[in-house]
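Participant: here's a sequence, model it:
(4 chains)
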2 protein chains.
Amino acid sequence: MNYFCPMSNDQLLRSRGLRVTNTRKAVLQLLQGSGKALSQADVERSLPELADRVTLFRVLQAFEESGLAHRVQDAHGVSRFAVCADTCSGGHHHDVHAHFRCLVCGDVYCLDPVALPKVSIPKGFKLKESQLHLEGSCSACS
Amino acid sequence: MNYFCPMSNDQLLRSRGLRVTNTRKAVLQLLQGSGKALSQADVERSLPELADRVTLFRVLQAFEESGLAHRVQDAHGVSRFAVCADTCSGGHHHDVHAHFRCLVCGDVYCLDPVALPKVSIPKGFKLKESQLHLEGSCSACS
DNA sequence: GGTCTTCATGCAAGTCGGTTGCATGAATTA
DNA sequence: TAATTCATGCAACCGACTTGCATGAAGACC
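Facilitator: Have a look, this model is predicted:
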């Protein structure tokens, strides 16, 4: 959230070219309130009867494509979603913030951005993005 | 491969407590010959009629658990396997080498080990392992 | 407000990777 | 060679992910 430039979630959705619907507002609010990345199954559990599985799938997909949220995989390869920083723009996620995966409960947390080391990649390879994943146990599971 | 201390694949399998079978020898050889990490589907395509899906699943699982190979997820969260360096031991994969994911063809390549930056993790969290994933396009897709 | 266009949703169905139980067969051991 | 232990194949299943199509709602325009 930007303290100096508050924007309602309705405006936030509209600014990304997304229509404002109950489902999208609820999911967006849920993602904002959660301190960690949520899977589609998490959303279904938190907001039962809100919408069809396919709808939630498409809502999360739309959030990612529009830049409202970013996708990160948990330890089992399942996609989880977290709200982006305000600097995010659709399709471009250049801020390299690390993620922490708890190997016990499976939760994924976004960490502060880190300066990644210079890695030499093979000749002809083109680097587009870097991701740093830390694994261990979260405070609740330690 | 260790140039100074060659070990046959039969010995390699036996040294990890695994029985020597045609399927395991073929999969091990395939992983060694491939310069990149392979998914189970890759193995099935490369060695059709070799063995049942479940057998390949369990062979790759046994390779990982015994330390013969390590598992890394591709851009879609699908597991891929690559043969470990000789220093690997069962269940312990402390060598932090980076991986490069090609976003075009999906291939995953093992890179040289890198010194990871010191990342501050939240209070109460316990760090066990770190992974660095680079994404972009490989030489064939660039 | 009413109408129209466009997009969001729900339902059905299907794909794919991953996984388990159990019976059978092969590799190792004695 | 016989006994034991482990590897394999088959069937079946689960969960995450995905698409097509018909319906309904959101936004735009008058």
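
Participant: every contact and neighbour count from this point should use C-alpha atoms.
Facilitator: Will do.

Participant: what about the nearest residue to residue A:113 once chain neighbours are set aside, neighbour count?
Facilitator: Distance criterion CA to CA, 6 or more residues apart in numbering or on different chains; nearest residue to residue A:113, sequence neighbours excluded, is residue A:97 at 3.7 Å. By other CA atoms under 10 Å in any protein chain shown, 17 other residues sit near residue A:97.

Participant: tell me how far residue A:97 lies from DNA strand D.
Facilitator: Using CA to the nearest atom of the strand, to the nearest Å, residue A:97 is found at 20 Å from DNA strand D.

Participant: now that residue: phi and psi?
Facilitator: phi -100, psi 140 (degrees, to the nearest 10).

Participant: you'd agree residue A:23 is up against residue A:51?
Facilitator: Yes. The criterion here is CA atoms under 8 Å, and residue A:23 meets it with residue A:51 at 6.7 Å.

Participant: the strand or helix carrying residue A:13 packs against which elements?
Facilitator: Under the criterion of DSSP states H and E, residue A:13 resides in helix A:9-15. Identification of packing neighbours for helix A:9-15 by 3 or more CA pairs under 8 Å, 6 or more residues apart in numbering or on different chains; DSSP states H and E yields helix A:22-33.

Participant: the helix it packs on and DNA strand C in contact?
Facilitator: Yes. Contact between helix A:22-33 and DNA strand C, assessed by CA under 7 Å from any atom of the strand, occurs at A:22, A:23, A:24.

Participant: ok now the helix or strand following that helix, how far from the chain's centre?
Facilitator: Sequence order places strand A:38-39 as the next helix or strand after helix A:22-33, per DSSP H and E. Chain-centre distance of strand A:38-39: 8 Å, with CA atoms, centre = their mean, to the nearest Å.

Participant: residues making contact with strand A:38-39?
Facilitator: Residues from elsewhere that reach strand A:38-39 (CA atoms under 8 Å, 6 or more residues apart in numbering or on different chains): A:31, A:78, A:79, A:80, A:81, A:82, A:107, A:108.

Participant: the helix holding residue A:13 vs DNA strand C: in contact?
Facilitator: No. Figure legend: helix A:9-15 not in contact with DNA strand C (CA under 7 Å from any atom of the strand); closest approach 9.2 Å.

Participant: ok, back up a step: pretty sure the residue nearest to residue A:113 sits against residue A:131.
Facilitator: Yes. The pair residue A:97 / residue A:131 is scored as a contact, 7.4 Å apart, by CA under 8 Å.

Participant: my understanding was that residue A:110 contacts residue A:37; is that so?
Facilitator: Yes. Contact criterion CA under 8 Å: residue A:110 and residue A:37 qualify, at 7.4 Å.

Participant: what is in contact with the two at once?
Facilitator: Residues touching both residue A:110 and residue A:37 (CA under 8 Å, 6+ apart): residue A:82.

Participant: neighbour-wise, which of these two wins?
Facilitator: When residue A:110 and residue A:37 are compared for neighbours, residue A:37 comes out ahead with 25 against 19, by other CA under 10 Å.

Participant: re earlier: neighbour-wise, which of the residues of helix A:22-33 next to DNA strand C leads?
Facilitator: Busiest of these [other CA under 10 Å] is residue A:24, holding 23 neighbours.
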